[in-house]
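> My questions are about this predicted structure, shown below with the sequence.
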Amino acid sequence: MSVSHSVISRNRQHLLFPLAVLTAIVMLALWFPLGTLLRQQGQLNGVSAQIHAVKLQQRALAMQQRAISSKAQELLLAREQYQLVQRGQSLIQVLPGRSTGSTNSAVGVTPLVAPSQATTPFVSPTKVTTRTTSGHGLGAFVSRLVRTLEFWR
């Protein structure tokens, strides 16, 4: 029996060392690279989602650019959404009159409205008054200053 016991003991020793080495290799392979790969894959997924969102925004902006491709459309958008006028023009906004039934419609009591949601007081570009200023020097500045201060009379 001593022979068979020594053979079994020797076979265990021969199998134990390679099994231990194999276990160590598997543990290192799973612990180091797999954790890093999983973190990097998560980062890649996040970045690809951001890229997809940016591409969707780019498509929407390209469609908007095609819709505003003419000069007339640009001017209409500038007037309606941003209350901008061309050089030499003045924008006149007609405020609603005071109603007798409600005190909330008084000027200064009503909440501010975002420019994109505001309704324009004019229907066509003909209601925008055009003023031309002569020159760009000190006289033009003084005349603009006087016109601005005339409001306070």
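Noted; the coordinates are in hand.
> Scan this protein for its longest helix.
Secondary structure of the chain read by DSSP state H shows that its longest helix is helix 35-67.
> moving C-terminal of it, what's the next helix or strand?
helix 71-82 (DSSP states H and E).
> What residues sit buried inside that following helix?
residue 79 (16 or more other Cβ atoms under 10 Å). Placement of C-beta: from N, CA and C, glycine included.
> For it, what does the pLDDT average out to?
Throughout helix 71-82, pLDDT has a mean value of 85.
> quick one, it and helix 35-67 angle?
For helix 71-82 against helix 35-67, the angle by axes from the mean of the first three to the mean of the last three Cα atoms, to 10 degrees is 110 degrees.
> Convert helix 71-82 to PDB, retaining C-alpha atoms only.
Taking Å, rounded to 0.1, in the frame of the first residue of the first chain, the C-alpha atoms of helix 71-82 are listed here in PDB:
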ATOM      1  CA  LYS A  71     -32.300  86.500 -47.200                       C
ATOM      2  CA  ALA A  72     -36.100  87.200 -46.800                       C
ATOM      3  CA  GLN A  73     -36.500  84.200 -44.400                       C
ATOM      4  CA  GLU A  74     -33.400  85.300 -42.400                       C
ATOM      5  CA  LEU A  75     -34.900  88.800 -42.000                       C
ATOM      6  CA  LEU A  76     -38.300  87.400 -41.000                       C
ATOM      7  CA  LEU A  77     -36.700  85.100 -38.400                       C
ATOM      8  CA  ALA A  78     -34.600  87.900 -37.000                       C
ATOM      9  CA  ARG A  79     -37.700  90.200 -36.700                       C
ATOM     10  CA  GLU A  80     -40.000  87.600 -35.300                       C
ATOM     11  CA  GLN A  81     -37.800  85.700 -32.800                       C
ATOM     12  CA  TYR A  82     -35.200  88.200 -31.900                       C
END
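> Right, I'll leave it there.
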